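Visitor: sequence isn't available, so here's the structure alone:
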């Protein structure tokens, strides 16, 4: 079992943002996490990736308890996420955004850097090659030296995913990757995500509002509303679940 | 016991001065999340405007006292308006760092300007103070009645500078006429100007308990501070503007959507803060009559720390924090020996360290301060 | 010829020019003094740029580190080693270098002690704390006095008079070498994964954390490196102007260094160098008008932020500072 979350709850003051969240994600699985705005989905991401310490509950990754560890440690364990509002390093080049993702895997220290020892040159070269590989998958290799902030929105989203991939995670958390895209772009993204999940043997936990995307690639979906899990199941079940429809469209929508 | 009480009184006096400045910091920070580094300098200018006024005119005492407080407050409000319009408002949408640096620049400018212009004669510095006051007064009038653009627009409008220039000439002229009044006051930037408290009021000590006494000046200070704080509370809690200020603290965008002119609210917050700092300057000048161009640096820092102690953004916090800061510092001064051992080391300057010790303790133990909310970052 | 070769030749040429003209008596003493001050300001500017420019922190107490270094090395050479103006230079030099090392270590330690608790604060709080640090340092050094018997007479230094009679051990060569070392060190640091980590922290701390960068560790690292070089600069300065005063470590001086960094451009070593040279030169030129100079600095900061927050050079570097790969791309883009 890759990721196992047990009884995860989190309070912000008096507000229960996440209420007893449980999930199990195995290797090579794509799981969806949906729910109306404010349901607590991003909070779950923040809890898993170490940005918040959960008030209650535990997170296990590959049978190791990673609850409450700082984000950079969790990344080194193999979990990485993208952000709802894109968080690129805007003034750094596209290439640098990706090479930074390799940082924690690199070895050379400050002395090597300052002295420009062979290890510096060797590792920098390796890392750049690797980064270019990732960038070409996302068709960004022609923009390599441009500042990341100058890219059009769609490419920025792809860059963020490329960057996340470059950390070589085992589990990828995508927070609304299709936000701001039209249907065609979103479906294209969906195929891309499916492809990289296969090629890189990843599991993916996906928050997304655009139903076609989620329904298209997730094998199982968790639905949150006001922090509580109101439904879990395969897409066809979720699509027709009255509780889910009510959560999105309001009480009495089915009347 | 007696030393304790008298130190307490002095501490409260210090504390109220800090509290007034801290109020300015906390209100501005609450709305725009900006530390206005220049409040210390506004404090200093308030002291000096009062100094010039008291030296320049002779009026019956009660009127003079009131004017000595009001004129600096008005001047400082206008100064705040100008600072806001010229340096802060244009940067409202830009990253906070730019505003911080600008604030440092403004503070640097003000303190060094006063220091520079206080050369061989006081004429130039008085001129400077009155020019600032006069031109800003007219500028503000222009804003109010002539629909003057306050926002600094990218397109340069020459008409924007007509009023300040006219006012410069006007006020300069007024000053030139009265220059002889000030010619005997000479002081240099590096030394101090001595505030003639006697012209305002004769110091009287009122005995309280054994050797503990309180002076009429201290009573006056307390009274003024309390009145100001009460007025402020009323403004913030009972008026529409105050409500807008409180709402803007929480959510500026929502407030804007409700038809409130957020920029105006911010400017008003600013001006209130500078008025208070100016008042604090006057009170300080009356209590500690040594005025220098850089007298605002330390109080500015300490008042900010006091605001942090009380909980930045909280008005009660600023008042409480200021008083705690003042009392703590006073006790430190009282406790530290001023000539220790054979080489007679004077430890009292270390009392300045009390403020920073408080800062470190607060930041480590309870960064949100006494009345503040725990910090949260939105991811 | 490769650009690096040009750079090296240029530096050798510069050094030779100054040395030869001094030896021949052609070099104006005053100009030499200004050149030396420019180099010291380069050291201080570049070290602050690492903290404020590259890592995106907001330290307003850099002069404090500078003066700590100055005092440490100053006390060492005057009191500990008893070096005076008459001590032969070759004898004094190794001791001087030891004192510089000590200055660097102490500044580093102070940077670490200050940095660790304070670096998780946001900009504004960090500014206040660092200003406070500068002021505390000033107060402390106002205090510390030493009495010691050296030979026949008693040395009574420190305190409000400052530290006087520091032997003039910083000459052009020493300053030149240390400046070169500083620039090369920081430039190599910046163009490496460690520098990238710092820049990532500046650009987007949350994302940097998520990308596996231990942000607190790097913030402290930048802070400590910056303070170390500031200490070295302070030691050099102390032995150049031969005196130190507690006020030199205060807010005013720190603001001057801030100006150098933000005027030059936050992410640019070249910018800092240009700004340091320009500001030192301006300082000297404006000396006749005394304090008006400081007033202008204040105005300069405001106008800078309003009109050109990126500074003179923004994030760009002179080609000779860029690593080879970037240089080729820069050349290709500008053809």
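Guide: Great, that's in hand. The model shown is predicted, which means the values in this text are computed figures rather than measured ones.
Visitor: ok, how many other residues are close to residue A:72?
Guide: Residues contacting residue A:72 under the criterion other C-beta atoms under 10 Å in any protein chain shown number 22. Just so you know, the C-beta spots here come from the backbone N, C-alpha and C atoms, and that holds for glycine as well.
Visitor: which residues in the stretch 151-300 of chain B form strands?
Guide: Residue ranges of the strands in the stretch 151-300 of chain B, as given by DSSP state E, counting those that start in this stretch, are B:193-194, B:205-209, B:212-215, B:290-291.
Visitor: what's the most buried one of these?
Guide: strand B:193-194 (a mean of 19; mean count of other C-beta atoms under 10 Å in any protein chain shown).
Visitor: quick one, strands of chain C?
Guide: Assigned by DSSP state E, chain C shows strands spanning C:145-150, C:153-158.
Visitor: I meant the stretch 151-255 of chain A, not that one.
Guide: Along the stretch 151-255 of chain A, counting by DSSP E, counting those that start in this stretch, strands occupy A:171-175, A:203-207, A:220-225, A:228-233.
Visitor: for residue C:196, find the nearest of those strands.
Guide: Residue C:196 lies closest, by C-beta to C-beta, to one member of the strands of the stretch 151-255 of chain A: strand A:171-175, at 22.3 Å.
Visitor: so residue A:72 sits against residue C:207, correct?
Guide: No - counting by C-beta atoms under 8 Å, residue A:72 stays clear of residue C:207, with 11.3 Å between them.
Visitor: name the helix or strand for residue A:69, please.
Guide: For residue A:69, there is no helix or strand it lies in under DSSP states H and E.
Visitor: tell me, how many residues neighbour it?
Guide: 18.
Visitor: got the contact list for it?
Guide: The contact partners of residue A:69, by C-beta atoms under 8 Å, 6 or more residues apart in numbering or on different chains, come to A:50, A:77.
Visitor: for it, give its distance to chain B.
Guide: 16 Å (C-beta to the nearest C-beta, to the nearest Å).
Visitor: now that residue: how far from residue A:171?
Guide: Between residue A:69 and residue A:171 the computed distance is 14 Å (C-beta to C-beta, to the nearest Å).
Visitor: looking at the stretch 151-255 of chain A, which residue is nearest chain B?
Guide: Residue of the stretch 151-255 of chain A nearest chain B, by C-beta to the nearest C-beta: residue A:175 (9.6 Å).
Visitor: quick one, phi psi at residue A:59?
Guide: Main-chain torsions, residue A:59, degrees, to the nearest 10: phi -120, psi 120.
Visitor: what is the burial count for it?
Guide: Residue A:59: 25 neighbours (other C-beta under 10 Å).
Visitor: before we move on, what about residue C:204?
Guide: With other C-beta under 10 Å as criterion, residue C:204 counts 20.
Visitor: so where's the longest helix in the chain?
Guide: This is for chain A. helix A:118-137 (DSSP state H).
Visitor: try chain C instead
Guide: Longest helix in chain C by number of residues (criterion: DSSP H): helix C:89-118.
Visitor: and residue A:7, helix, strand or coil?
Guide: strand (DSSP: H, G, I helix; E, B strand; the rest coil).
Visitor: for it, what are its contacts?
Guide: By C-beta under 8 Å, 6+ apart, the contact set of residue A:7 is A:20-22, A:56-58.
Visitor: before we move on, what about residue B:17?
Guide: Contacts of residue B:17 by C-beta under 8 Å, 6+ apart are B:221, B:225, B:280, B:283-284, B:287, B:299, B:322, B:326.
Visitor: low-confidence ranges, the chain, go.
Guide: If you meant another chain, say so; for now it's chain A. Applying pLDDT under 70 to chain A picks out residues A:249-255.
Visitor: wait, chain C was what I had in mind.
Guide: C:1-3, C:145-158, C:289-291, C:324-335.
Visitor: closest to the centroid, which residue in it?
Guide: In chain C, the centroid-proximal residue (C-alpha atoms, centre = their mean) is residue C:44; its distance is 1.1 Å.
Visitor: any stretches of the stretch 1-150 of chain B with poor pLDDT?
Guide: B:56-58, B:116-150.
Visitor: ok so, going back, what about the closest residue to the residue of the stretch 151-255 of chain A closest to chain B other than its chain neighbours, which SS state?
Guide: Residue nearest to residue A:175 in three dimensions, not counting chain neighbours: residue A:84, with 4.5 Å by C-beta to C-beta, 6 or more residues apart in numbering or on different chains. On the three-state scheme (three-state DSSP), residue A:84 is labelled coil.
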